[in-house]
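J.: pasting the structure only:
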């Protein structure tokens, strides 16, 4: 049963009695582990990788070991209001769920133990039987991982005996793989790369050199790589993309992580860290719908889900919309083209809930430009980087 929480507009500005709340917060379903069929009470929705979007959550259940095994094991798992499904592919010792867009799920499977190599990028469409191994063996890759999907394209990375880590793009099959590692001579220092977000013909991620990593933007091939790292930042990476916007984060010269917004170039970077709010220290933006951006901010208050509308000053603390007695932290992982925000919140292991923050039309009139974005599809989903 859905529960609509009492709402407040965030600690950026407290509403008066005459001011409507910016969002309604809805408790979608519990992310607690299944009660039967798993060997130990330590089974749980993992905190280091998960994605909530379009009424479903994708992550993995981890436990000490199956009876007779000695290695830690994890299984990719899909949660909905109807319950949880184990998506571990047949023939794989374990698997990890990273991201969902509501119709497709991506992550990887382990051919050996979770502590060994043998990672194989996986694409699912809601069941264990649907699992497809995306590793492009024909291109010389023996291992791969998938980090994001837009429902048609998938992105991630891979490596092989003669290939270091390279960003990869797929359209549903291993033979469709495109190696995105930058080939522009100006980017020759980036011998390794990974792609973390995709939308239509654009991809984002990071190029990795011996000393740093820089956020990257691609347009479907290696030659198209654009370095997004802003001036005066040690490093950066991009996690989400829709339309003309890209989001991610970067470390400044003092090592502080800032949520960042780009529109196609390093010079376009906008720092979204809401330092005007009390107690803020760091943050990350993980997804955009082309108009707004979502992610989380950390500080003296803990970890809170946030939404922005293009500037640091526009920040809204979504945690403030949740009952303080029930939730002590939250993360936003996706935002759809109507402005609905999905994420999760909890107070510790065993109390995790999938949450949706729905805009209140009375407080947030629909932007006139939103309809222009709707032709692209439903939603871009990003998980936090493993």
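T.: Here it is on my side, so go on. The model shown is predicted, which means the values in this text are computed figures rather than measured ones.
J.: how about the strands in the stretch 151-300 of the chain?
T.: All strands of the stretch 151-300 of the chain, identified by DSSP state E, counting those that start in this stretch, fall at 154-160, 163-170, 178-179, 192-199, 202-208, 213-218, 226-227, 233-242, 245-252, 257-262, 270-271, 280-288, 293-299.
J.: Residue 313: which of the ones you listed is closest?
T.: strand 270-271 (10.9 Å; Cβ to Cβ). The way it works is simple: take the backbone N, C-alpha and C, and place the C-beta from them, glycine included.
J.: tell me what that closest one is packed against?
T.: When contacts are defined as 3 or more Cβ pairs under 8 Å, 6 or more residues apart in numbering; DSSP states H and E, strand 270-271 sits against strand 257-262.
J.: export the strands of the stretch 151-300 of the chain to a markdown table and tack on distance to residue 331 and mean neighbour count?
T.: Supplementary listing: the strands of the stretch 151-300 of the chain in a markdown table, determined by distance: least, Cβ to Cβ, whole Å; neighbours: other Cβ atoms under 10 Å:
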| stretch | distance to residue 331 | mean neighbour count |
| --- | --- | --- |
| strand 154-160 | 21 | 26 |
| strand 163-170 | 24 | 23 |
| strand 178-179 | 31 | 19 |
| strand 192-199 | 16 | 27 |
| strand 202-208 | 19 | 27 |
| strand 213-218 | 20 | 26 |
| strand 226-227 | 28 | 19 |
| strand 233-242 | 13 | 25 |
| strand 245-252 | 14 | 25 |
| strand 257-262 | 13 | 24 |
| strand 270-271 | 20 | 18 |
| strand 280-288 | 8 | 25 |
| strand 293-299 | 5 | 25 |
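J.: CSV please, covering those strands and showing distance to residue 86.
T.: Output for the strands of the stretch 151-300 of the chain, formatted as CSV (distance: least, Cβ to Cβ, whole Å):
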stretch, distance to residue 86
strand 154-160, 21
strand 163-170, 24
strand 178-179, 31
strand 192-199, 25
strand 202-208, 29
strand 213-218, 34
strand 226-227, 40
strand 233-242, 27
strand 245-252, 31
strand 257-262, 34
strand 270-271, 41
strand 280-288, 26
strand 293-299, 28
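J.: Same list (these) but as JSON lines, adding mean pLDDT.
T.: As requested, the strands of the stretch 151-300 of the chain are exported to JSON lines (pLDDT from 0 to 100):
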{"stretch": "strand 154-160", "mean pLDDT": "97"}
{"stretch": "strand 163-170", "mean pLDDT": "98"}
{"stretch": "strand 178-179", "mean pLDDT": "98"}
{"stretch": "strand 192-199", "mean pLDDT": "98"}
{"stretch": "strand 202-208", "mean pLDDT": "98"}
{"stretch": "strand 213-218", "mean pLDDT": "98"}
{"stretch": "strand 226-227", "mean pLDDT": "98"}
{"stretch": "strand 233-242", "mean pLDDT": "97"}
{"stretch": "strand 245-252", "mean pLDDT": "98"}
{"stretch": "strand 257-262", "mean pLDDT": "98"}
{"stretch": "strand 270-271", "mean pLDDT": "98"}
{"stretch": "strand 280-288", "mean pLDDT": "97"}
{"stretch": "strand 293-299", "mean pLDDT": "97"}
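J.: between these, which one is nearest to residue 334?
T.: Here strand 280-288 is closest among the strands of the stretch 151-300 of the chain (Cβ to Cβ), at 4.9 Å.
J.: low pLDDT regions in the stretch 251-386 of the chain?
T.: In the predicted model of the stretch 251-386 of the chain, residues 348-350, 364-386 satisfy pLDDT under 70.
J.: Okay, helices next: where are they in it?
T.: Using DSSP state H, counting those that start in this stretch, the helices found in the stretch 251-386 of the chain span residues 370-373.
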